[in-house]
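Visitor: Fold the stuff below for me.
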Amino acid sequence: MSPRPKDRILANLETIFREAYEQAKQDEDRQRMLGLDSSYQREQLLLEVLLDIRDVLHEVAESKSKQSAIEKLSALKKLTKLK
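Guide: Okay, here's the model as predicted:
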């Protein structure tokens, strides 16, 4: 099973926020509009990072290397460990 396309997921995120933003605009709720704009940017960045991780995991799962799944996960853990 292939993962959903990144563009489709990001478009769905934009649709959700755009609808809320337009409602706030109709209500003339400037604070809500600013909050939604900020939230959208933060959520988009987080989602892009998660999608990048998903793509890497998908590549690792499909690779034909001689490493075991545990070795692959260990390598991924080292790669993503924050210092």
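Visitor: alpha carbons only for contacts and neighbour counts from here, please
Guide: Noted.
Visitor: other SSEs contacting the one helix or strand D7 maps to?
Guide: Here D7 is covered by helix 6-26, with elements defined by DSSP states H and E. Under the contact definition 3 or more C-alpha pairs under 8 Å, 6 or more residues apart in numbering; DSSP states H and E, helix 6-26 sits against helix 30-62.
Visitor: show me where pLDDT drops low in the protein?
Guide: Residues of the chain meeting the criterion pLDDT under 70: 1, 64-66, 69, 82-83.
Visitor: can you do 80?
Guide: 1-2, 59-83 (pLDDT under 80).
Visitor: ok, now which ones touch the residue nearest the centre of the chain?
Guide: The centroid of the chain falls nearest to L47 when counting by C-alpha atoms, centre = their mean (1.6 Å). Residues near L47 by C-alpha atoms under 8 Å, 6 or more residues apart in numbering: L10.
Visitor: mind running it again at 10 Å?
Guide: Residues in contact with L47, defined by C-alpha atoms under 10 Å, 6 or more residues apart in numbering, are 6, 9-10, 13, 41, 53.
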